[in-house]
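Novice: The sequence and its predicted three-dimensional model are supplied below.
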Amino acid sequence: QQQVKQSPQSLIVQKGGISIINCAYENTAFDYFPWYQQFPGKGPALLIAIRPDVSEKKEGRFTISFNKSAKQFSLHIMDSQPGDSATYFCAATNTGTASKLTFGTGTRLQVTL
Amino acid sequence: GAVVSQHPSWVICKSGTSVKIECRSLDFQATTMFWYRQFPKQSLMLMATSNEGSKATYEQGVEKDKFLINHASLTLSTLTVTSAHPEDSSFYICSARTLGQGARDGYTFGSGTRLTVV
């Protein structure tokens, strides 16, 4: 019930291309879905987050698409750049219960020239 | 706003000794903090949740006597790895719940501590 499944495990995208990472959850009580970017040796940093009352949120080159009925959400990175090469984690939680984040397994993105 | 400072960023210690990692909220009060452990190329594994002034809640399988967590103030939580052994070598990350603090994110992370036990 608490799992968040993330795919793919790794992704190679050419510079300028679109990177797409998918996540699926089971707990319908989740109401906050953030995406984190992590570089080696650093803590995760928030990229973008969404609440289930909207189907899409865009911030710069990053877009979250959210499908409540399918219990799925995805991260799209437009015009991918070599500097985007990092590990990306989706997560979910129920904010009303002051609950912990449930993380996906992570996606290692490599953007090639 | 909502900065979490974690120290040290890396530490090497001898087997059998104890190591303390500090996590401070610099510009807000952190009533709830989380401690994670991360192995190479893996996701973050929650070790425990600490609330200021009360005992930490440990996740299943985490030895509370080995990983001592103290959250004595609203701006400081510490993780002490006691009698460290090489298998405790890992990347430890703290996080503070920042919902309602005017932060962009509901959970703000420290920069992590790389612990190597030799």
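Specialist: Noted; the coordinates are in hand. Values in this document were obtained by computation on a predicted structure and should not be read as measured data. Numbering: from 1, shown residues only, chains lettered A, B, ... in the order given.
Novice: Name the nearest residue to A:Phe89, sequence neighbours excluded.
Specialist: Using C-beta to C-beta, 6 or more residues apart in numbering or on different chains and skipping residues adjacent in sequence, the residue nearest A:Phe89 is A:Tyr36, 4.6 Å away. C-beta coordinates here come from the backbone N, C-alpha and C atoms, glycine included.
Novice: and what of B:Tyr92?
Specialist: The shortest distance from B:Tyr92 to any non-neighbouring residue, by C-beta to C-beta, 6+ apart, is to B:Thr113 (4.8 Å).
Novice: how about the nearest residue to B:Phe39 once chain neighbours are set aside, what does it touch?
Specialist: Of all residues not flanking B:Phe39 in the chain, B:Ser90 sits nearest, at 6.0 Å (C-beta to C-beta, 6+ apart). Shown here is B:Ser90, whose contacts under the criterion C-beta atoms under 8 Å, 6 or more residues apart in numbering or on different chains are B:Arg37, B:Gln38, B:Phe39, B:Leu115.
Novice: what does A:Gly96 give?
Specialist: Contact criterion C-beta under 8 Å, 6+ apart gives A:Asp31 as the residues in contact with A:Gly96.
Novice: what about it, which SS state?
Specialist: Taken by DSSP: H, G, I helix; E, B strand; the rest coil, the conformation at A:Gly96 corresponds to helix.
Novice: quick revisit: closest one to chain A out of the contacts of B:Ser90, please.
Specialist: The shortest approach to chain A among these belongs to B:Gln38, at 8.7 Å (C-beta to the nearest C-beta).
Novice: Cross-check the contact I'm expecting between the closest one and B:Phe91.
Specialist: Yes - A contact is recorded between B:Gln38 and B:Phe91 when judged using C-beta atoms under 8 Å, the distance being 4.5 Å.
Novice: Quick check: beta-bridge partners of B:Cys13?
Specialist: Counting by DSSP bridges, B:Cys13 is bridged to B:Val117.
Novice: sorry, back to before: distance of the residue nearest to B:Phe39 from B:Ser77?
Specialist: 18 Å (C-beta to C-beta, to the nearest Å).
Novice: follow-up on the earlier one: need the residues touching each of B:Gln38 and B:Phe91.
Specialist: Between them, B:Gln38 and B:Phe91 share the contacting residues B:Gly112, judged by C-beta under 8 Å, 6+ apart.
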